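> could you work out the structure for the sequence below:
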Amino acid sequence: MLKGQKALVTGANSGIGKATAIGLGRAGADVVVNYVAGSESADEVVKEITGFGVRAYAHEADVSQEDQVTAMVDRMVEEFGTIDIMVANAGLQRDAPVTEMTLAQWQKVIDVNLTGQFLCAREAAKEFMRRGVVPEVSRSAGKIICMSSVHQLIPWAGHVNYASSKGGVHMMMQTLAQELAPRKIRVNAIGPGAIKTPINTSAWSTPQAEKDLLTLIPYGRVGDPEDIARAAVALASDLMDYVVGVTLYVDGGMTLFPGFATGG
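Residues are numbered from 1 along each chain as shown. Take a look at the predicted model:
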């Protein structure tokens, strides 16, 4: 489905990023596995991807640092020749009630979750525009997939920095999509709901926690990282060539506000 394409996934040594990088490799893409800490786990992801007969390597970079993002994409173009798919996935939480949240906690989340995605999208777009469409590879000049969250839509008390960052990702994605679509660059987002990843282990790791969480999920199960990976592969493929500027919610129906199912 993605044979011959070159993908970069940020935050790809665990959770959603790991599953997405592996999914893209399984679909035929060569993959850069970005990480900011945990080189051993990144190397393990690379090993799994190369097992599909494609190329991959790990690259350490903090996506909130402009020079590191630029260097990461420059190296990819040097080693793989270009980039076709940018999955801006790296993200984190620094949770606190608003009256206790420090400026450092606020800024760190905005820097990584929002500014980091902007920097990655900008650098990928430069290469897409330089190279243009290569019809035998893809119908588009490039694909940018922003990893957002159901919390770009659903408020989340105690997480104002995270929710604000994802609300920003939503408008950034749509604005980039509007600006870049005439150049045949497709920008979209994925909005995961509750997914079993290290960032939210406490929400699902005990039977009672999972039972409570399921009251928010009409479909009756907590998502797996592979659910997001499949969505990313689809969005990156020509099957979705006419899909521009949308957020694909992969959430088991969480954005249906299930509390209102009984009448509200």
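
> okay, CA-based contacts and neighbour counts for the rest of this
Fine.

> buried set for the helix or strand encompassing residue 212?
Taking DSSP states H and E as the definition, residue 212 sits inside helix 207-214. Neighbour-count burial for helix 207-214, counted by 16 or more other CA atoms under 10 Å, picks out 213-214.

> CA atoms only: put that helix into PDB for me.
The C-alpha trace of helix 207-214 is given here as PDB (Å, rounded to 0.1, in the frame of the first residue of the first chain):
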ATOM      1  CA  PRO A 207     -10.300  -3.900  36.400                       C
ATOM      2  CA  GLN A 208     -12.100  -1.100  38.200                       C
ATOM      3  CA  ALA A 209     -10.300   1.600  36.300                       C
ATOM      4  CA  GLU A 210     -11.100   0.000  33.000                       C
ATOM      5  CA  LYS A 211     -14.800  -0.500  34.000                       C
ATOM      6  CA  ASP A 212     -15.000   3.200  34.900                       C
ATOM      7  CA  LEU A 213     -13.400   4.200  31.600                       C
ATOM      8  CA  LEU A 214     -15.700   2.000  29.600                       C
END
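
> contacting residues around the longest strand seen in the chain?
Longest strand in the chain, counting residues (DSSP state E): strand 185-192. The contact list for strand 185-192, computed with CA atoms under 8 Å, 6 or more residues apart in numbering, reads 125, 128, 140-150, 152, 170, 173-174, 176-177, 180-181, 228, 231-232, 235, 241, 243-251.

> output it as PDB, restricted to C-alpha atoms.
C-alpha atoms of strand 185-192 as PDB (Å, rounded to 0.1, in the frame of the first residue of the first chain):
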ATOM      1  CA  ILE A 185      -0.100  18.100   0.000                       C
ATOM      2  CA  ARG A 186      -2.600  16.500   2.200                       C
ATOM      3  CA  VAL A 187      -2.800  17.400   5.900                       C
ATOM      4  CA  ASN A 188      -5.100  15.500   8.200                       C
ATOM      5  CA  ALA A 189      -5.200  14.500  11.900                       C
ATOM      6  CA  ILE A 190      -6.100  11.500  14.000                       C
ATOM      7  CA  GLY A 191      -8.000  12.000  17.200                       C
ATOM      8  CA  PRO A 192      -7.400   9.000  19.500                       C
END
